[in-house]
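A.B. asks: no FASTA, just this:
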């Protein structure tokens, strides 16, 4: 009999068990409209990910995000300079 965490959907299909790779939120960082910079995560914990969430809807334009190793870099999105807005950067590992 298996032991540990297991979860099934309404149809009875196993959706999560001990071998499932789940995401972990490491932090949230405020980013100003024209700000560039970076945050570092421990890449030994898993593959880094990041999601910028604009603070101005519906016209806000998010920053450009790049990930290299454990460094998540952000810079203003130059394709829509007039729509730059503050954002919250959610980041973690999976």
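C.D. replies: Nice, I can see it. Note that the structure is predicted; figures quoted are calculated from it, not measured.
A.B. asks: where in this protein is pLDDT low?
C.D. replies: Across the chain, the ranges flagged by pLDDT under 70 are 1-3, 58-60, 81.
A.B. asks: rerun that using 80 as the cut-off
C.D. replies: Scanning the chain for pLDDT under 80 picks out 1-3, 56-62, 80-83.
A.B. asks: show me the residue at the heart of it, geometrically.
C.D. replies: Centroid-nearest residue in the chain: residue 50, 2.5 Å away (criterion: C-alpha atoms, centre = their mean).
A.B. asks: if that one is in a bridge, with which residues?
C.D. replies: residue 91 (DSSP bridges).
A.B. asks: just checking, it touches residue 67?
C.D. replies: Yes. Counting by C-beta atoms under 8 Å, residue 67 is a contact partner of residue 50 at 6.5 Å. (Glycine included, C-beta is placed from N, CA and C.)
A.B. asks: stretch 11-19: end-to-end distance?
C.D. replies: 20 Å (C-alpha to C-alpha, to the nearest Å).
A.B. asks: identify all contacting residues around that stretch.
C.D. replies: Stretch 11-19 is contacted from outside by 2, 4-9, 22, using C-beta atoms under 8 Å, 6 or more residues apart in numbering.
A.B. asks: filter those down to the ones in strands?
C.D. replies: 7-8 (DSSP state E).
A.B. asks: redo the contacts of stretch 11-19 as CSV? Include neighbour count and distance to residue 88.
C.D. replies: As requested, these are exported to CSV (neighbours: other C-beta atoms under 10 Å; distance: C-beta to C-beta, whole Å):
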residue, neighbour count, distance to residue 88
2, 8, 39
4, 7, 34
5, 10, 29
6, 12, 33
7, 10, 29
8, 11, 33
9, 9, 31
22, 8, 22
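A.B. asks: quick check, nearest of the contacts of stretch 11-19 to residue 35?
C.D. replies: For the contacts of stretch 11-19, the minimum distance to residue 35 (C-beta to C-beta) is 30.2 Å, reached by residue 22.
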